[in-house]
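In: Sequence below, structure please.
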Amino acid sequence: MAAEFGHIRTVPDGLLCGCGSQGCWEQYASGRALVRYAKQRAQATPGNAEILLGLGDGTPEGIEGKHISEAARQGDPVAIDSFRELARWVGSGLADLASLFDPSAFIVGGGLSDEGDLVLDPIRKSFRRWLVGGQWRPHAQVLAAQLGGKAGLVGAADLARQG
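Out: Purely as a prediction, here's the structure:
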């Protein structure tokens, strides 16, 4: 059985997670978290989210992940800031895991990995910032899963095929 690092409690008494706990890492470092950040920021500062809102239905509620990626590529401040917030949480969590396991690489999967350097570069920067003893130790690479957002589906299909 594999570990569920997404359910490490990162924020005591934080956001309610689907697992029933509160403050799980995945509530702050996932595609759903990215959408939540963008919706909140677009609601608070719609003038900074014109591109983002224009890609959806014009309201924060209509924002989807694909809109955030496209808007960030077009320079939308809210979309870019939402990616930075996501990267802060992913990078700091990876830094904590590096302190425990000292891996040579982290492989980022799921739909976010399909965004390539748009999301990986800020994650790498956050990881370096939060890595304890980072000036004296090797830094793990942060790479996108080769199968991107389809990794889980392909893995499940392979398990089913094996019986």
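In: so how far is the first residue of stretch 6-18 from its last?
Out: Counting by CA to CA, to the nearest Å, the length from the leading to the trailing residue of stretch 6-18 is 11 Å.
In: no, scratch that, I was asking about stretch 57-73
Out: Terminal residues of stretch 57-73 are spaced 19 Å apart (CA to CA).
In: What residues of that stretch count as buried?
Out: P60, I63, G65, H67, I68, S69, A71, A72 (16 or more other CB atoms under 10 Å). All C-beta spots, glycine's among them, are computed from the backbone N, C-alpha and C.
In: Would you convert those residues into CSV that also reports secondary structure and pLDDT?
Out: Compiled in CSV, the buried residues of stretch 57-73 are given as follows (DSSP: H, G, I helix; E, B strand; the rest coil; pLDDT from 0 to 100):
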residue, secondary structure, pLDDT
P60, helix, 98
I63, coil, 98
G65, helix, 94
H67, helix, 97
I68, helix, 97
S69, helix, 95
A71, helix, 98
A72, helix, 96
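In: what's the closest of the residues you listed to P122?
Out: A72 (10.2 Å; CB to CB).
In: Can you give me every residue that contacts that closest one?
Out: A72 sits next to A79, I80, S82, F83, L118 when contact means CB atoms under 8 Å, 6 or more residues apart in numbering.
In: so which of the residues you listed is the most crowded?
Out: For the contacts of A72, neighbours were counted using other CB atoms under 10 Å, and A79 has the most, 29 neighbours in all.
In: Tell me which other helices or strands the strand or helix carrying that one touches.
Out: Using DSSP states H and E, the element containing A79 is helix 77-101. Secondary-structure packing of helix 77-101 (3 or more CB pairs under 8 Å, 6 or more residues apart in numbering; DSSP states H and E): helix 31-44, helix 50-55, helix 65-73, strand 105-108, helix 117-130.
In: give me that answer again for 6 Å
Out: Taking 3 or more CB pairs under 6 Å, 6 or more residues apart in numbering; DSSP states H and E as contact, the helices and strands that helix 77-101 lies on are helix 31-44, helix 65-73, helix 117-130.
In: Reformat those as CSV; add distance to H139.
Out: Below are those laid out as CSV (distance: least, CB to CB, whole Å):
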stretch, distance to H139
helix 31-44, 24
helix 65-73, 25
helix 117-130, 6
